[in-house]
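Participant: Predicted model and sequence follow; I will ask about them next.
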Amino acid sequence: MKNSLIENLVQQFSRLPSIGGKSAQRLAYHILEKNSELAESLASAIVDARRKIRKCGLCHNYSEADKCSLCLSPGRNPNLICVVERPSDIILIEKFGAFTGLYHVLGGALSPLDGVGPQDLNIDSLLKRLAGLESPEVILALNTSSDGEATGLYLIQKLKPMNVKVTQLARGIPLGSDLQYVDEHTMQRAMEYRIPL
Ligand SMILES: [Zn+2]
C-alpha cells in the first residue's frame, strides 16, 4: 500500500540525522499547520543549496564559486594549511578567529572497516598543493577517533619525506571525540599549543 502524503513527509524527515520518529512527526505536522510560505521557502532553500553549492577547487570546502571565500581571502597565509575531515570542522575553527592560514578538507577519515582508503579522500590534491608551496606547515585537526589517528599517521608518513612541517592540535581535546563537540576555548588552546610531529 502506498504511503499517504503525510506519512511520506514524516518518513523523509526521519531520514535526517538526530531526527527520531517523534521529531519527524512534529516537524511534518508543524509544516502543515503553518501557512504554505514556510514549506515553500524551506523546500526551495534545500533544493537551491544542494544545486548551487559545490566544492572549492583548492580546499574542498563548500563554495558557490570555483574557489571558496577563505581561499580567495587575501589576508590569509597560504603556506599554513589546517587539515580537517569535514567542511563543518572549518566553521568550528573559524569561530574563534585566531587561525590565519587556509584549510584542506579530506572528506572523511581512513576507515579500513568501512572500505575507506586513501584514494577515497582528498589526499592526492593535498600533496599536490603542498608541492607547490614554499616551506609549508600542515596542522592536523582530525578527530581523535581511531580512524582520525590512523589518518594522521598516514599523512605524516606522506608529508615527512616532502619536508613539510607537521603539527597537530594539542591535547585537551578528549580522546575519541568528534571535533564538533569541542568548545571554542579548548579549540583555541589546542591550536596555540599545537605539537610538532
Ligand atoms: Zn577553498
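Facilitator: Happy to help now that I have it.

Participant: Tell me where the protein is predicted with low confidence.
Facilitator: Counting by pLDDT under 70, the chain contains low-confidence ranges at 1, 171-177, 181, 185, 189, 193.

Participant: got a list of what the residue nearest the centre of the chain touches?
Facilitator: What sits nearest the mean C-alpha location of the chain, by Cα atoms, centre = their mean, is Arg86, with 1.7 Å. Counting by Cβ atoms under 8 Å, 6 or more residues apart in numbering, Arg86 touches 105, 107-108. The C-beta positions use only the backbone N, C-alpha and C, and glycine is treated the same way.

Participant: Now go through those and say which are in strands.
Facilitator: Val105 (DSSP state E).

Participant: Check which helices and strands the longest helix along the chain is in contact with.
Facilitator: Of all segments of type helix in the chain, defined using DSSP state H, the longest is helix 36-52. Helices and strands touching helix 36-52, by 3 or more Cβ pairs under 8 Å, 6 or more residues apart in numbering; DSSP states H and E, are helix 21-33.

Participant: angle of the helix it packs on against helix 36-52?
Facilitator: Interaxial angle of helix 21-33 relative to helix 36-52 (axes from the mean of the first three to the mean of the last three Cα atoms, to 10 degrees): 120 degrees.

Participant: then helix 21-33 to PDB, C-alphas only?
Facilitator: Output in PDB follows, covering the C-alpha atoms of helix 21-33 (Å, rounded to 0.1, in the frame of the first residue of the first chain):
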ATOM      1  CA  GLY A  21      10.200   9.200  14.700                       C
ATOM      2  CA  LYS A  22       8.600  11.600  17.100                       C
ATOM      3  CA  SER A  23      10.600  14.700  16.000                       C
ATOM      4  CA  ALA A  24       9.900  13.800  12.400                       C
ATOM      5  CA  GLN A  25       6.200  13.700  13.100                       C
ATOM      6  CA  ARG A  26       6.400  17.000  15.000                       C
ATOM      7  CA  LEU A  27       8.200  18.700  12.100                       C
ATOM      8  CA  ALA A  28       5.700  17.300   9.500                       C
ATOM      9  CA  TYR A  29       2.700  18.500  11.400                       C
ATOM     10  CA  HIS A  30       4.300  21.900  12.100                       C
ATOM     11  CA  ILE A  31       4.800  22.400   8.400                       C
ATOM     12  CA  LEU A  32       1.100  21.500   7.700                       C
ATOM     13  CA  GLU A  33      -0.200  23.800  10.400                       C
END
